[in-house]
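# Pasting a predicted model and its sequence here:
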Amino acid sequence: MNGTLSLVLTGDSMITRGLAMGEDDAARDLAAHIGDADVALTNLEVLPNDFRGYPAQESGGTHLAAGPWVLDECAGLGSHLFPAATNHALDYSVEGLLATIDVLDAKALAWAGLGRNLAEARMPAYLDTDRGSIALISACSTFARGQQASNQRPDMPGRPGLNPLRSTTVYDVTESQLAALREIAEAVGVEQRRQERIALGFGPPPADPAIFPFFDTSFRAAAEPAIRTEPHAGDLAAIGQWVREARGRADLVVMSLHVHDQGATKEDPAGFIPVFARAMIDAGADVVVGHGPHLLRGMELYQGRPIFYSLGNFVAQNDLVHKFPSDAYERFRVDPSLTPSEIARTRSDDGRRGFPSDPRYWESVAPRLEWRDGALVSIELVPVTLGHGQPVHRRGRPRRARADHARSILDRFATLSEPFGTCIAIEDGRGWVRL
């Protein structure tokens with residue numbers, strides 16, 4: 001890469017309505033921040049398939065779909081790169097995913113993370129610009145069983161789906177607690193059925209004999225209770241292979257991971273996430289950007305390259321989905337004769353719980369990264385507000401935060417980043433990461 005190249009990163013775009021970005025100074029300032037960059041990325045957490053396909057019983061929380069025109073709204077704001085591997089990718093089953101792929105291809109966008117088989121879902125997308133070539137790889141760790149794409153065989157097609165990064169979770173418990181679990185499993189017959197499945201060849205025992213499976217959850221005796229997670233070794237190696245492939249074919253490699261898993265709090269990434277992110281940097285990624293928990297997590301610099309563990313929401317219009325399948329009415333206990341807005345109202349108890357009640361879900365940062373002759377030279381952080389407390393049809397549209405609100409968002413992001421050894425200077429309503 002010769003000269004400079006700038007990249008703006010934004011969070012989850014759950015876009016279902018227009019953005020009306022030119023209506024005030026704060027919106028125009030944010031649009032200029034994004035538009036002035038050479039390249040911009042937003043996480044596509046909606047299916048722009050015009051509701052084609054069949055509603056899956058297991059959605060990502062909300063059956064999240066919209067018309068293809070929402071992509072024009074994102075592109076009009078300056079977005080060029082679209083990670084698409086999210087927990088909503090199969091909300092409308094395989095047919096809905098394939099319809100989404102068709103829409104993205106028809107609009108000739110640079111997107112990644114979905115495929116008609118596993119190889120396609122794993123592969124990078126490339127965006128060639130006058131300033132350089134950018135590769136995007138998108139993976140997801142939060143998804144229902146069977147939503148991951150599968151490999152083709154000579155005699156069978158693969159399964160369409162998303163690019164998976166699976167993980168394993170083991171719950172450490174004390175000896176006495178493990179003994180109690182064993183006693184319960186034996187008393188109610190769960191252990192007997194597990195042994196029967198093993199005998200029939202349908203349920204192999206754990207590779208680690210210290211693991212005791214109980215209702216598809218793994219427990220192990222330890223000195224103190226804890227939750228331990230690790231990335232799936234096969235997925236880690238396979239995604240890393242594509243990062244190395246991209247490294248040889250682009251000036252800049254961006255790795256996106258959509259993941260909800262948490263550590264001690266929602267703002268702490270689960271243990272397997274830093275392991276994966278650092279491995280991707282080692283494989284050749286220039287930046288790793290996390291999405292999924294819908295609120296900010298901290299960032300670290302690893303080997304001089306940034307890892308953003310979550311940028312939170314960028315567009316949050318999930319309460320404005322145009323229509324819902326019958327499963328959504330049943331799940332949220334809404335009279336099926338009522339209109340779609342009743343689902344959002346009931347789910348949030350008129351804004352007293354869930355996303356509408358917590359300002360953290362309505363704040364974000366939009367980092368601008370700049371490289372010069374291939375070296376990262378600056379990271380500028382612009383605070384973003386989505387209008388917490390506004391009416392449902394107004395909130396969720398991104399604006400640049402100002403004054404005390406800007407300082408509050410940046411202070412919180414700096415605090416979240418401190419455990420990773422990251423220092424952020426704040427001045428005049430923006431932050432600067434000390435490289």
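Thanks, I have it.
# Could you pull out the helices in this protein for me?
Under the criterion DSSP state H, the chain carries helices at the ranges 25-35, 69-76, 93-106, 118-122, 175-188, 190-200, 233-247, 272-283, 326-331, 341-347, 403-417.
# who wins for proximity to Gly387 among these?
helix 25-35 (9.8 Å; CB to CB). Using the backbone N, CA and C atoms, a C-beta is placed for each residue, glycine as well.
# the inter-axis angle of the closest one versus helix 69-76?
80 degrees (axes from the mean of the first three to the mean of the last three CA atoms, to 10 degrees).
# ok, residues contacting helix 25-35?
With contacts defined as CB atoms under 8 Å, 6 or more residues apart in numbering, helix 25-35 is touched by 8, 10, 20-22, 40, 77-79, 366, 368, 382, 384-385, 397-402.
# Quick one: mean pLDDT for that helix?
Average pLDDT, helix 25-35: 94.
# Just send the helices of the chain back as a markdown table, with mean neighbour count too.
Compiled in a markdown table, the helices of the chain are given as follows (neighbours: other CB atoms under 10 Å):
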| stretch | mean neighbour count |
| --- | --- |
| helix 25-35 | 17 |
| helix 69-76 | 18 |
| helix 93-106 | 18 |
| helix 118-122 | 21 |
| helix 175-188 | 13 |
| helix 190-200 | 13 |
| helix 233-247 | 18 |
| helix 272-283 | 21 |
| helix 326-331 | 15 |
| helix 341-347 | 18 |
| helix 403-417 | 18 |
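# Let's have the ones you listed in JSON lines, adding distance to Glu58.
Putting the helices of the chain into JSON lines (distance: least, CB to CB, whole Å) gives the following:
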{"stretch": "helix 25-35", "distance to Glu58": "34"}
{"stretch": "helix 69-76", "distance to Glu58": "23"}
{"stretch": "helix 93-106", "distance to Glu58": "10"}
{"stretch": "helix 118-122", "distance to Glu58": "19"}
{"stretch": "helix 175-188", "distance to Glu58": "26"}
{"stretch": "helix 190-200", "distance to Glu58": "23"}
{"stretch": "helix 233-247", "distance to Glu58": "21"}
{"stretch": "helix 272-283", "distance to Glu58": "22"}
{"stretch": "helix 326-331", "distance to Glu58": "9"}
{"stretch": "helix 341-347", "distance to Glu58": "17"}
{"stretch": "helix 403-417", "distance to Glu58": "31"}
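# right, so of the ones you listed, which gets closest to Gln152?
Closest approach to Gln152 among those is made by helix 118-122 (7.1 Å; CB to CB).
# So which other helices or strands are in contact with that closest one?
In terms of contacts (3 or more CB pairs under 8 Å, 6 or more residues apart in numbering; DSSP states H and E), helix 118-122 is packed against strand 114-115, strand 161-162, helix 233-247.
# again, only this time at 7 Å
helix 233-247 (3 or more CB pairs under 7 Å, 6 or more residues apart in numbering; DSSP states H and E).
# For the helix it packs on, C-alpha coordinates in CSV please.
What follows is helix 233-247, C-alpha atoms only, in CSV (Å, rounded to 0.1, in the frame of the first residue of the first chain):
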residue,chain,number,x,y,z
ALA,A,233,-9.8,-25.7,16.9
GLY,A,234,-11.0,-26.7,13.4
ASP,A,235,-12.9,-23.5,12.9
LEU,A,236,-10.0,-21.4,14.2
ALA,A,237,-7.6,-23.1,11.8
ALA,A,238,-10.0,-22.8,8.8
ILE,A,239,-10.8,-19.1,9.3
GLY,A,240,-7.1,-18.4,9.9
GLN,A,241,-6.3,-20.1,6.6
TRP,A,242,-8.6,-17.7,4.7
VAL,A,243,-7.0,-14.7,6.6
ARG,A,244,-3.6,-15.9,5.3
GLU,A,245,-5.1,-16.2,1.8
ALA,A,246,-6.5,-12.7,2.0
ARG,A,247,-3.2,-11.4,3.3
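# could you show me where the strands are in the stretch 251-400 of the chain, in order?
252-258, 287-291, 299-302, 305-308, 313-316, 363-372, 375-385, 399-400 (DSSP state E, counting those that start in this stretch).
# what residues does the last one touch?
What that stands for is strand 399-400. Ala26, Ala27, Asp29, Leu30, His33, Val382, Val384, Thr385, Gly387 (CB atoms under 7 Å, 6 or more residues apart in numbering).
# Pass me the low-pLDDT residue ranges in the stretch 301-435 of the chain, would you?
In the predicted model, the stretch 301-435 of the chain carries no residue with pLDDT under 70.
# do that again at 90, thanks
344, 349-351, 354 (pLDDT under 90).
# and what of the stretch 1-150 of the chain?
1-2, 19-24, 58, 60-61.
# can you give me the strands in it?
4-14, 39-44, 81-83, 110-112, 114-115, 125-129, 132-140.
# I'd like these as JSON lines, with mean neighbour count and distance to Ala250 appended.
Formatted as JSON lines, those follow (neighbours: other CB atoms under 10 Å; distance: least, CB to CB, whole Å):
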{"stretch": "strand 4-14", "mean neighbour count": "25", "distance to Ala250": "11"}
{"stretch": "strand 39-44", "mean neighbour count": "28", "distance to Ala250": "11"}
{"stretch": "strand 81-83", "mean neighbour count": "27", "distance to Ala250": "12"}
{"stretch": "strand 110-112", "mean neighbour count": "24", "distance to Ala250": "11"}
{"stretch": "strand 114-115", "mean neighbour count": "24", "distance to Ala250": "19"}
{"stretch": "strand 125-129", "mean neighbour count": "16", "distance to Ala250": "6"}
{"stretch": "strand 132-140", "mean neighbour count": "26", "distance to Ala250": "4"}
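# Rebuild those as JSON lines, extending it with distance to Pro325.
Converted to JSON lines, the strands of the stretch 1-150 of the chain look like this (distance: least, CB to CB, whole Å):
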{"stretch": "strand 4-14", "distance to Pro325": "17"}
{"stretch": "strand 39-44", "distance to Pro325": "21"}
{"stretch": "strand 81-83", "distance to Pro325": "25"}
{"stretch": "strand 110-112", "distance to Pro325": "25"}
{"stretch": "strand 114-115", "distance to Pro325": "21"}
{"stretch": "strand 125-129", "distance to Pro325": "30"}
{"stretch": "strand 132-140", "distance to Pro325": "22"}
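# between these, which gets nearest to Val287?
Closest among the strands of the stretch 1-150 of the chain, using CB to CB: strand 4-14, at 7.5 Å.
# neighbouring strands for that closest one, and are they parallel or not?
strand 39-44 (parallel), strand 313-316 (parallel), strand 363-372 (antiparallel) (DSSP bridges).
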